[in-house]
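S.K.: need a 3D model of the following:
(2 chains, ligands or ions: 4)
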Amino acid sequence: MKIRKKARYVDLSLCNACGECANVCPVTKPDEYQMGLSSRRAIYIPFPQAVPCSYILNMDDCLGNNPIACGKCIEVCEKKAINYDDRDEIVTREVGSIIVAIGLDVYDPTEMDEYGYTRFDNVITSMEFERLICAGGPTAGHFVRPSDHQRPKRIGFIQCVGSRNPKIGRPYCSNICCMNTIKDTLLLADHYPDVENVVFYQDIRAFGKSFEDMFQRSKEAGTRYIRGLPGDVEEDPETGNLTVTVENTTGGQLERHELDMLVLSVGVQPPKDLAKISGLLTLSKTSDGFFMESHPKLKPVDAPTRGVHFAGFCEAPKDIKDSVCQAGAAASRAGALLNAGQIQIEAITSRIDIEACMKCGLCAKVCPYGAIVWEKGQPAVVIEAACAGCGACGATCQFGAITMRHFTDDQLLAQVRAVLADDPQDKVFVFACNWCSYAGGDMAGISRIRYPSTNRVVRTMCSARVSEEMVLEAFRCGAPVVLVSGCHYADCHYINANRQTVKRMQRLWNTLEKAGVRPERLQLEWISAAEGQKFAKVMEQMEQLRKTVTAKEIEHAKQALKPKPKKAARAREEAAVPS
Amino acid sequence: MIVNPTDDEIRVGVFICDCGLNIAGAVDCAAVTDYAETLPDVVCAVRNKYTCADPGQNKIKDAIQQHRLNRVVVASCTPRQHEPTFRQCVREAGLNPYLMEMANLREHCSWVHPGDWDGATRKAKDLVASAVARARFLQPQEELTVPVTRAAMVIGGGVAGIEAAIELGDAGHKVVLVEKQPSIGGIMAQLDKTYPTMDCSI
Ligand SMILES: Cc1cc2nc3c(=O)[nH]c(=O)nc-3n(C[C@H](O)[C@H](O)[C@H](O)COP(=O)(O)OP(=O)(O)OC[C@H]3O[C@@H](n4cnc5c(N)ncnc54)[C@H](O)[C@@H]3O)c2cc1C
Ligand code: SF4
Ligand code: SF4
Ligand code: SF4
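M.R.: Ligands and ions are numbered 1, 2, ... in the order given. So this is what the prediction gives:
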C-alpha cells in the first residue's frame, strides 16, 4: 500500500506544543474542530488533546511562507521546528491485512430549507451543540445562543433531520441521534434546572442497554416529547426567537411552539472517501452507501475481499460501544490471518495450454490484474499467484487455449444444456456473478422477496467469465430470454473485468441482430449484493419479456445461431498468418 | 478441450436437504430426490432433514464409501454460506474438495417461491440437474498457498480504528494506522459527554 504522508511543516519530534507560533500568526480562520464557532490561526493545534501533540501549519491559509511575506512563526519558534520546505511524502508499507475504519460524515442540513438552518442564527445542528456545551468549546461550556450570546431557556430539538426521509434520498435511520438528543436534554437539565426542552420526533429509538432508562430520566427531568416533525420554522427578527409549527400526531392537533433556540438532530452519512477506498480494495456498498459486509449475520466484519475487515461507522451507523465491539472483532479476524502467516488461494485460476495458444495476446490485454505475461510471437503465460480468477481471459480466448479451473467451458456449457433440456420456452436463463448478482439473489431469499419461479441461475465468479459461446448455446437450446448480470459497473469485484462483459454483450447484440434475432432477448443488468429488491424486480421484468417471445422466434434463433462449421479451425488459420 | 467426463466411471451422489421446513415447506423434496436418481451418472440420491448437521454430513461420508462416489452434489442452501462446510465434509471422506457442487434450493428457490409448489419444484429439479451436469465435469484441484505479510494497516483513526490498532498491537502485530486529519480521534474527539455513560469523550 502506498500512503501519502502529508506535510505538516512542523517537525513532530521537535515541537513541544508551546504555542508561541500561533500567538504571533496574523491569520484567522474558522476553527473546524469548533464547527466554525470560533477561530484558529494558520499554524495551530487541532485541539488541546490532539495526537500527535504538535502544531501544524496549513499552507493554504498561510500568508506567505518566506520571511519577507510573513515568517513570524519561524522567528519565534525556539525549537526550530518549523520548516516551510516540508513536502508530502509517499511511503510504501507492505501489509497482510487491512482494517477499514473511515467513519462517517455528518449531514449538512442546508438543503432542508424549511428548518431555516442557513437563514436563522439560533438554529444549530447537534454537532454544533456538542461544541457549545463543552467546557473545551468556544464558550467554555456556557451554553449561549449565537444571535445575542444570551442563555436560551426554551430549546427545541428536531429529530431525523436528514434521516428516514426517502424524499431526499436518505431512507435509513442514523441510529445515534435519538440517544444523542436524550443525552443533550439531560446535559441541559443538569446544567440549567430552569431549562424547558421540547423534542419533536417520529419514533424514539432507545433500544440499547440502559437507553430506556435514560429516556425515562429525560422525561422526568421535564423534557416534553411531541410526536410529529415540524413543517415550518419562523423567526422573529426582533428577538431572534423561533416559532415552530407542528402537527402533534398523537392528538392530531396543530401546535405552535415559541422557542429561544432550535437544535437540528442531524443524521449521518457514508464518509466522503468511501468510494475511493472501495475502488482501491474492490469493496462494495449497500443501497444506503455504507460498506457491504461478506454476510450480514455470519461475517459482519469481513469484506468480500479476503484480508479486509470493517470497523465502526463506515459499515453502518452505530454508536461508540458498537464501534468498539466491531473494532475488537475486526482485529481478531485480522490477527487470525496474520498468525496463520499464509493464505490459501481458491483453485479458480486460469491455465493456458501452450500447445493450443495461438500467441495472439488478447488474454493479456483483458486481464485486470496483469497476471498474464505475453510477448509477441510467444505463447501467453499465467502468473498463478497474481490471477484472481475472474475468467475474463477464458471467455476471450478464441482458440480454447485457456482452462478456467473450476469454471471450465465444459462445466458451464453442461449447465446451460441441462437447465434447458426440457421446456426451455418456459424459462428465463440467467448468468449471475458470485459476488454481486448471485449474492443479490441470496439477499432476495434472505428477505423473502417473491418473484416468478421461471428463472434458472448459473453462477460464474464474474460476469466477464460468460463467453459468447455460452450465451449463444443458451439460445440454441431454446432459451427465450438470456440475462447476464454482474456487479455495478464501478463496483466490479475484479477491478474492472466487467468492462469486458459490456464489450462482449455489444458484440453479441450485433450478432443477434444480424441473425435476425431480437436483441432484447439478451439482457444485461447490474445487481449488487445488497439489492435483493432489485434482483426480484429484474426477474419479474425478465418474466414479462419472456412472455413476449413466440415459439417461432425461439425456433428461428435455434437455427440462425447454429455454429458455423470449422469456425475454430478457420480462426486458427487466420491468426497464424502474420499481419 | 475435454468433451466427455474423463474419469473411467463417474459416480455422483446427490444429497437433497429439507432444511427443516425451509426448503421442504415450499418444494416437493421427495419428488426432487426421485428425479435426481434418474440423472446421468447419479448412483444415489439421499434426502436429509438437515444436511449441514453432523448426521447429515455423516450420511454424505457413508455414501461416499458405500457407493464409491467420486462426485457429490449437495442441494441445500447458497454455496456462499455452506460451500466451505461441505468441501470439508467430502475432504474428510477422502475426496478432493473441488469434487463437490451445490444447488441453491433455499435462497434461490424455496424462500422466494412460497405457495408456488409446482413452479418451485420444477425449478428445484432444474437446479439439481444443472449441478449434476456440472459435477460430472469437475476435476480435483490443488490450492496455492501464499505467505501473508505479518503486518496490518488500519485506515481511519477514529475510535474504531484506534481500538482495532491497539488490539492488534497488543496481540504483538505490527500495525500502521493511517489518518487523514492532523490528529486521530475522529468524531468522538468533537463530542462533549457521550451516552450512555455521560462521561467525557476524550
Ligand atoms: C452529533 C453526534 C453525537 C454523537 N454522540 C454519541 C454519544 O453520545 N455516544 C455514542 O456512543 N456515540 C455517539 N455518536 C456516534 C459516534 O460519534 C460514532 O459511533 C463514532 O465516532 C464512530 O467511530 P469511527 O471510528 O467509526 O468513525 P469516526 O469517528 O468518523 O472516525 C473515522 C476516522 O477516519 C478518518 N478518515 C476518513 N477517511 C479517511 C481516509 N481516506 N484515510 C485516512 N483516514 C480517513 C477520519 O478523519 C476520522 O478520523 C455521535 C455522533 C454524532 C454525529
Ligand atoms: S513555536 Fe515551535 S515548538 Fe512552539 S508550538 Fe510552534 S512549532 Fe511548536
Ligand atoms: S436514531 Fe432517531 S432521530 Fe436518528 S434517524 Fe433514527 S429515529 Fe431518527
Ligand atoms: S487469448 Fe488464447 S490464444 Fe491468445 S494469447 Fe491468450 S491464451 Fe493464447
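S.K.: where does chain B have its least confident helix or strand?
M.R.: Lowest by mean pLDDT, DSSP states H and E among the helices and strands of chain B is strand B:199-200, with a mean of 84.
S.K.: in its sheet, what does that one sit against?
M.R.: strand B:193-194 (antiparallel) (DSSP bridges).
S.K.: burial of residue 48, as a residue count?
M.R.: No chain specified, so I'll use chain A. Counted by other CB atoms under 10 Å in any protein chain shown, the residues lying close to A:Pro48 total 11. (Glycine included, C-beta is placed from N, CA and C.)
S.K.: chain B, not that one
M.R.: B:Asn48 has 22 neighbours, counted by other CB under 10 Å.
S.K.: dump the residue contacts of it.
M.R.: The neighbourhood of B:Asn48, defined by CB atoms under 8 Å, 6 or more residues apart in numbering or on different chains, consists of B:15-18, B:55-56, B:59.
S.K.: go with 7 Å
M.R.: By CB atoms under 7 Å, 6 or more residues apart in numbering or on different chains, the contact list for B:Asn48 reads B:15, B:17-18, B:56, B:59.
S.K.: what does A:Lys534 give?
M.R.: Contacts of A:Lys534 by CB under 7 Å, 6+ apart are A:440, A:527.
S.K.: run the last query once more with 8 Å
M.R.: The contact partners of A:Lys534, by CB under 8 Å, 6+ apart, come to A:440, A:527-528.
S.K.: distance to chain B added to those residues, as CSV?
M.R.: Supplementary listing: those in CSV, determined by distance: CB to the nearest CB, whole Å:
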residue, distance to chain B
A:Gly440, 10
A:Ile527, 13
A:Ser528, 14
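S.K.: about what we covered before: can you give me the offset of the least confident helix or strand of chain B from its chain's centre?
M.R.: The chain centre lies 44 Å from the centre of strand B:199-200; the measure is CA atoms, centre = their mean, to the nearest Å.
S.K.: list the ones among the contacts of A:Lys534 that fall in helices.
M.R.: A:Gly440 (DSSP state H).
S.K.: next, the buried residues of stretch A:250-269.
M.R.: Using 16 or more other CB atoms under 10 Å in any protein chain shown as the test for burial, stretch A:250-269 gives A:257, A:259-269.
S.K.: what does the stretch 1-150 of chain A put close to ligand 1?
M.R.: Contact residues (CB under 6 Å from any ligand atom) of the stretch 1-150 of chain A with ligand 1: A:101-104, A:106, A:126-127, A:130.
S.K.: still on that earlier bit, among the contacts of B:Asn48, which two are most distant?
M.R.: Of all pairs drawn from the contacts of B:Asn48, the widest gap by CB to CB lies between B:Asp18 and B:Lys59 and measures 12.7 Å.
S.K.: more crowded one of those two?
M.R.: Neighbour comparison, B:Asp18 and B:Lys59: the larger count goes to B:Asp18, with 21 against 16 (by other CB under 10 Å).
S.K.: right, and the more buried one touches B:Cys52 too?
M.R.: No: checked against CB atoms under 8 Å, the pair B:Asp18 and B:Cys52 is beyond contact range at 11.5 Å.
S.K.: show me what contacts residue 11?
M.R.: Picking chain A for this. Residues near A:Asp11 by CB under 8 Å, 6+ apart: A:79, A:81-83.
S.K.: to clarify, I was referring to chain B.
M.R.: Counted by CB under 8 Å, 6+ apart, B:Arg11 has contacts B:41, B:43, B:67-71.
S.K.: what's the most distant pair in those?
M.R.: Between any two of the contacts of B:Arg11, the greatest separation by CB to CB is 12.4 Å, found for B:Asp41 and B:Arg68.
S.K.: what residues go with each domain of chain A?
M.R.: Annotated domains of chain A cover A:1-94, A:96-344, A:345-406, A:409-579 [automatic domain parsing].
S.K.: may I see the buried residues of the lengthiest helix in chain B?
M.R.: Criterion DSSP H: the longest helix present in chain B is helix B:117-135. Across helix B:117-135, burial judged by 16+ other CB under 10 Å covers B:119-135.
S.K.: and what of stretch A:365-384?
M.R.: Going by neighbour count (16+ other CB under 10 Å), the buried part of stretch A:365-384 is A:366-368, A:371-372, A:374, A:379-380, A:382, A:384.
S.K.: do stretch A:115-135 as well
M.R.: Neighbour-count burial for stretch A:115-135, counted by 16+ other CB under 10 Å, picks out A:115-117, A:120, A:122-134.
S.K.: quick one: it near chain B?
M.R.: Yes: for stretch A:115-135, a contact with chain B is found by CB under 8 Å from any CB of the partner chain, at A:127, A:130-131, A:133-135.
S.K.: which of the residues you listed has the weakest pLDDT?
M.R.: Here the lowest pLDDT out of the residues of stretch A:115-135 next to chain B sits on A:Ala135, with 89.
S.K.: mind checking the SS state of the residue in the stretch 151-300 of chain A that chain B sits nearest to?
M.R.: Residue nearest to chain B within the stretch 151-300 of chain A (CB to the nearest CB): A:Lys183, separated by 4.2 Å. The local conformation at A:Lys183, judged by DSSP: H, G, I helix; E, B strand; the rest coil, is helix.
S.K.: A:Ile226 too?
M.R.: Three-state assignment for A:Ile226 (three-state DSSP): strand.
S.K.: show me what contacts it?
M.R.: If you count contacts by CB under 8 Å, 6+ apart, A:Ile226 has them with A:198-201, A:246, A:248, A:250, A:255.
S.K.: how about chain B: which residue is closest to ligand 3?
M.R.: Going by CB to the nearest ligand atom, ligand 3 is nearest to B:Tyr195 of chain B, at 11.7 Å.
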